[in-house]
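> I'll drop the sequence and a predicted model, then ask my questions.
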Amino acid sequence: MTKFVLVLVMCSLEANTCMEPYKYPLSFKDGYDCMVFGYKESLSKIEEIGREDINEHQIYIKFGCTPENTI
């Protein structure tokens, strides 16, 4: 059986660097559910960080959904 794991990466264009990838603790039944959650979680983090810091440090979030085989 294949589950999908969400991996988020926060980056700064200003610093030209990214933080270590964060593997979300939940797994998802398919790529669709993972992607929808990834967009929602990215928006939540952007709102949490706030306009001032996002603009000052040119922060952005990228993510991917990686398939993993389970037993």
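Arrived safely. Residues are numbered from 1 along each chain as shown.

> give me the mean pLDDT for stretch 24-41.
For stretch 24-41, the mean per-residue pLDDT is 96.

> can you point out the buried residues in it?
For stretch 24-41, burial by neighbour count (16 or more other CB atoms under 10 Å) applies to 24, 27-28, 34-35, 37-38, 41. Glycine gets a C-beta too; all of them are placed from N, C-alpha and C.

> for stretch 11-27, same thing?
So, applying 16+ other CB under 10 Å, buried residues of stretch 11-27: 11-12, 24, 27.

> what does the longest helix along the chain contact?
Looking across the chain with DSSP state H, the single longest helix is helix 31-49. Helix 31-49 has contacts (CB atoms under 8 Å, 6 or more residues apart in numbering) with 4-6, 8, 10, 24, 26, 28, 54, 59, 61, 63-65, 67.

> restricted to buried residues, select those in ChimeraX.
To isolate the buried ones among these in ChimeraX, judged by 16+ other CB under 10 Å, type:
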select :4,5,6,8,10,24,28,54,59,61,63,65
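
> please enumerate the helices of this structure.
In the chain, the helices defined using DSSP H lie at 31-49, 51-57.

> let's have those helices in JSON lines, adding distance to Cys18.
Converted to JSON lines, the helices of the chain look like this (distance: least, CB to CB, whole Å):
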{"stretch": "helix 31-49", "distance to Cys18": "14"}
{"stretch": "helix 51-57", "distance to Cys18": "12"}
